[in-house]
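Asker: Quick one: sequence plus predicted model below, questions after.
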Amino acid sequence: MSSLEGKVAIVTGSSRGIGKEIALRLAGLGVKVVVTGKTDEPHPKLPGTIHKTVEEIEALGGEGMARKLDVRFDENIQQVVDETVEQFGSLDILINNAGAIQLQGVADMPPKRFDLMMGVNARAAYACAHYALPHMIDAGWGHILMASPPFKIDKAPGKTAYALSKLGMTFIAKSLADEVAEHNIGVNAFWPITAIESQATRHFGMGTEEDWRTPEILCDTVEAILKRNPSECTGNAFYDEDVLREEGVEDFSKYLVVEGSEPPPFSAMLFDPEYQ
């Protein structure tokens, strides 16, 4: 396990929810974190802003920088990457956490919504990696993580666009891992088995608190992956539980939102017949 002290990370979609918690965890490990998202000003219905996350990072004694970012636009991504390197001197870690979700079939979802999901999920993961890679290659070290599931299905009726966009992120991770293996850059995907407490699970009615785990399980997962040698840990699509079992975790009850509950494998069920 290596220290992450002094590394520089961009975390997309980190004004709230899972992305915010990952940003805070990285800051606590000594990582300089660039917090990105579209929420620059307080939202009337949603908590948090990119600036609020940076305030919390600084309260922990860490270093952070807030940058408004719409991951659908290349020039915006390029600008954030350039400003990251200008401010902190490097870019070592990219967490592609920003995401869009809508579970509908082809007849119900208009192409415009399809474009949005592909743009925020698969295309954004590709574009952010494209602009980050030159700096990682120059440094001879890097980690890129995609918030996307393992390949377990060959069709997804009722959620065609969402599955295509999320599995596309995993396909990028696995392909890119081989492309940059010689540069000591690890590229992996990670995915929770159960639903994680977040604004998304609440907004889309994905069960109740008894059905959720806390974001801490993904923070622990991300930390474990990033502390591994990137040349030895690459090309994987991990479930959170599998990573943590490798780290010696046997009891997952500490991650429960409601003590004593037994959350179903909702997140895995979306893409894995073994859990259905």
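Answerer: Nice, thanks for sending it over.

Asker: From now on I want contacts and neighbour counts done on CA atoms only, so please keep to that.
Answerer: Noted.

Asker: can you point me to the longest helix in this structure?
Answerer: helix 160-179 (DSSP state H).

Asker: and it, how far from the chain's centre?
Answerer: 13 Å (Cα atoms, centre = their mean, to the nearest Å).

Asker: residues making contact with that helix?
Answerer: 101-106, 114, 117-118, 121-123, 125-126, 145-151, 156, 185-189, 234-237, 271 (Cα atoms under 8 Å, 6 or more residues apart in numbering).

Asker: Next, the angle from the helix or strand that it is followed by to helix 160-179.
Answerer: Going down the chain from helix 160-179, the next helix or strand is strand 185-191, by DSSP states H and E. Angle, strand 185-191 to helix 160-179, by axes from the mean of the first three to the mean of the last three Cα atoms, to 10 degrees: 150 degrees.

Asker: Just the mean pLDDT for strand 185-191, thanks.
Answerer: Averaging the model's pLDDT scores along strand 185-191 yields 98.

Asker: strand partners of whichever helix or strand comes after that strand, parallel vs antiparallel please.
Answerer: Sequence order places strand 195-196 as the next helix or strand after strand 185-191, per DSSP H and E. On the basis of DSSP bridges, the sheet neighbours of strand 195-196 come out as strand 212-213 (parallel).

Asker: Just after the strand it pairs with, pick out the following helix or strand.
Answerer: Assigned by DSSP H and E, the successor of strand 212-213 is helix 216-226.

Asker: what is the mean pLDDT for that following helix?
Answerer: Mean predicted confidence for helix 216-226 is 98.

Asker: can you list the residues that contact that helix?
Answerer: Under Cα under 8 Å, 6+ apart, the answer for helix 216-226 is 4, 18, 21-22, 25-26, 143, 190, 192, 233, 240, 243-244, 247, 255.

Asker: Give the next helix or strand downstream of it.
Answerer: strand 237-239.

Asker: name the helices or strands packed onto that next one?
Answerer: strand 185-191 (3 or more Cα pairs under 8 Å, 6 or more residues apart in numbering; DSSP states H and E).

Asker: For the strand it packs on, list the C-alpha coordinates in CSV.
Answerer: C-alpha atoms of strand 185-191 as CSV (Å, rounded to 0.1, in the frame of the first residue of the first chain):
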residue,chain,number,x,y,z
ILE,A,185,-1.4,4.1,-14.9
GLY,A,186,-4.1,2.0,-13.4
VAL,A,187,-7.6,2.1,-14.9
ASN,A,188,-10.4,0.4,-13.1
ALA,A,189,-14.2,0.4,-12.5
PHE,A,190,-15.9,0.1,-9.2
TRP,A,191,-19.6,-0.6,-8.3
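
Asker: What count of nearby residues applies to the residue lying closest to E232 once chain neighbours are set aside?
Answerer: Distance criterion Cα to Cα, 6 or more residues apart in numbering; nearest residue to E232, sequence neighbours excluded, is G186 at 7.6 Å. Residues near G186, counting by other Cα atoms under 10 Å, number 29.

Asker: what number of residues lie near the closest residue to V11 other than its chain neighbours?
Answerer: Leaving aside its sequence neighbours, V11 sits nearest to I95 (Cα to Cα, 6+ apart; 4.8 Å). By other Cα under 10 Å, the residues close to I95 number 25.

Asker: measure I95 to A173 for me?
Answerer: 12 Å (Cα to Cα, to the nearest Å).

Asker: Find the residues that touch each one of the two.
Answerer: Common neighbours of I95 and A173 (Cα under 8 Å, 6+ apart) are L145, M146.

Asker: Tell me the spacing between E216 and S253.
Answerer: Applying Cα to Cα to E216 and S253 gives a distance of 12 Å.

Asker: Looking at the two, which has the bigger crowd around it?
Answerer: Neighbour count, other Cα under 10 Å: between E216 and S253, E216 has more, with 18 against 13.

Asker: Look up how far G17 lies from that one.
Answerer: In terms of Cα to Cα, E216 sits 11 Å off from G17.

Asker: With K45 instead?
Answerer: 14 Å.
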